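Student: mind folding the following:
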Amino acid sequence: MSADYIQRIRRLTESLSAHGLDGVILLPGPNLRFCTGLSFHLMGRPTLAFLTVDRPPLLLVPELERSKAEGNTVGANVSTYGEDVASRQAAFADAAATLDLARRRMGVEPLRMRWLEERLLEEAAPGGRLESAEAVLEPIRAEKAPDEIAAIERAVGVAQTALEKTLTAIRLGMSELELASELTLQLLRAGSETELPFSPIVASGPNTALPHAIPTARPLQSGDLLILDWGATVDGYISDLTRTFALESLEAEWKRIHAVVVDANAAGRAAAGPGVACRTVDAAARAVIEAAGYGPAFIHRTGHGIGLEAHEAPYIRGDNDAVLQPGMTFTVEPGIYLAGRGGVRVEDNVVITADGATTLSTLPRALQILSVN
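Tutor: Residues are numbered from 1 along each chain as shown. Below you'll find the model as predicted:
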């Protein structure tokens, strides 16, 4: 695997040069893990990886992370600092001098770089330039290798097993919070890593009108819609699924809405393939919902990429002309939401192949009315 990480760094540095950057500074998170295989906590003690176009990687870490950093397999040099502020400032100054940061244009992760690290870098390398490296980092992870896709497939399998176990535990009167706890427990029992892609979304009744609802103390009631949005993590890679159920019974209108969303989901997945623009997939799913008269109630994009993060490229939205390529993995998750009343969402995970697209998730999409007395 070390050869894979070295190759990834090589590809990254080639892309940095093409974008006029001298290097990139990574903080703990998916990009650092992708390039080095190392996972650190993002905390008050800064941890940074400096990947430049012409020098060996440099890891700047607190002393307590020395052993992990020195075990890297990409030939990175390691610099550490102690608990005192002076030691930390000295380590940043040494790193800046070693890499000549005051003369360089370095890319940073715009959604991860903090004011803390930025200030320390500015103090250590006055005159250096920090710029967004999003245009470099986003594409390099978008097309997944076979081993990455296999990990996502395993994460889908774990998530599906966890849901099947959870459904048998649902009872009227239990709260959304209790059900979210049960789903989390089943994810861990089924084999997910403890760091889930996100906290499971459990929404019932009118709360289902909120796409990113947070589980509450609301008790489950007969006649409720119930949205479960959950995922598992395997070898760092994630799955992200959604199914909408009914408890005991459901009004006719919501049955129609659910059928429309299922059809929109199918249309989006059918439209996906190599060479297809992301906006085309979004349009295919959206057209079904608009034809049914619920266009304004589809209030979010059709999907997003999945991998080491729950939201990454490619983004399946109407203004994205980016073209899907083999190895790209993403969600298709159309929904209809009626404010104050309820909502329906059905989400699957898809991978682009050489000649089409494969849906990795296999759970039933048709409406399931659960008997949960």
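Student: residue 244: what's its closest spatial neighbour, skipping adjacent residues?
Tutor: Excluding the flanking residues, the one nearest residue 244 by C-beta to C-beta, 6 or more residues apart in numbering is residue 344, at 4.6 Å. Placement of C-beta: from N, CA and C, glycine included.
Student: count the neighbours of that neighbour for me.
Tutor: Counted with other C-beta atoms under 10 Å, residues neighbouring residue 344 total 30.
Student: okay, and the beta partners of it?
Tutor: Going by DSSP bridges, residue 344 is paired in beta bridges with residue 336.
Student: how near is it to residue 33?
Tutor: 35 Å (C-beta to C-beta, to the nearest Å).
Student: doesn't residue 181 make contact with residue 169?
Tutor: No: between residue 169 and residue 181 there is no contact under C-beta atoms under 8 Å: 10.1 Å.
Student: shared neighbours of these two, anything?
Tutor: The contact sets of residue 169 and residue 181 do not overlap (C-beta atoms under 8 Å, 6 or more residues apart in numbering).
Student: tell me where the stretch 101-250 of the chain has helices.
Tutor: 115-124, 134-142, 146-167, 176-190 (DSSP state H, counting those that start in this stretch).
Student: and of the ones you listed, who's closest to residue 38?
Tutor: helix 134-142 (15.6 Å; C-beta to C-beta).
Student: for that closest one, give the mean pLDDT please.
Tutor: Mean pLDDT, computed over helix 134-142, is 95.
Student: ok, now which ones touch the closest residue to residue 175 other than its chain neighbours?
Tutor: Computed as C-beta to C-beta, 6+ apart, the closest residue to residue 175 that is not its neighbour in sequence is residue 217, at 4.9 Å. The contact partners of residue 217, taken as C-beta under 8 Å, 6+ apart, are 175-177.
Student: and the residues you listed, which are buried?
Tutor: Among the contacts of residue 217, those classed as buried by neighbour count (16 or more other C-beta atoms under 10 Å) are 175-176.
Student: who's in contact with residue 257?
Tutor: By C-beta under 8 Å, 6+ apart, the residues touching residue 257 are 294, 336, 344.
Student: look up how far residue 288 lies from it.
Tutor: For residue 257 relative to residue 288 (C-beta to C-beta), the value is 12 Å.
Student: same question, residue 367
Tutor: 16 Å.
Student: looking at the contacts of residue 217, spot the one nearest residue 299.
Tutor: Scanning the contacts of residue 217 for proximity to residue 299, where the rule is C-beta to C-beta, the winner is residue 176, at 21.1 Å.
Student: so that closest one touches residue 210, yeah?
Tutor: No: the criterion here is C-beta under 8 Å, and residue 176 misses it with residue 210 at 11.5 Å.
Student: what touches both of these two?
Tutor: Common neighbours of residue 176 and residue 210 (C-beta under 8 Å, 6+ apart) are residue 203.
Student: quick check: buried residues in stretch 42-57?
Tutor: 45-52, 57.
Student: and those residues, which two are furthest apart?
Tutor: 45 and 52 (22.9 Å).
Student: the residue nearest the centre of the chain - nearest residue in space that isn't next to it in sequence?
Tutor: Geometric centre of the chain, nearest residue: residue 310, 1.4 Å, by C-alpha atoms, centre = their mean. Once flanking residues are discounted, residue 310 sits nearest to residue 197: 4.2 Å by C-beta to C-beta, 6+ apart.
Student: quick one, what contacts the one you found?
Tutor: Applying C-beta under 8 Å, 6+ apart, the residues near residue 197 are 231-233, 238-240, 306, 309-310.
Student: ditto for residue 15
Tutor: Neighbours of residue 15 in contact, by C-beta under 8 Å, 6+ apart: 136, 139-140.
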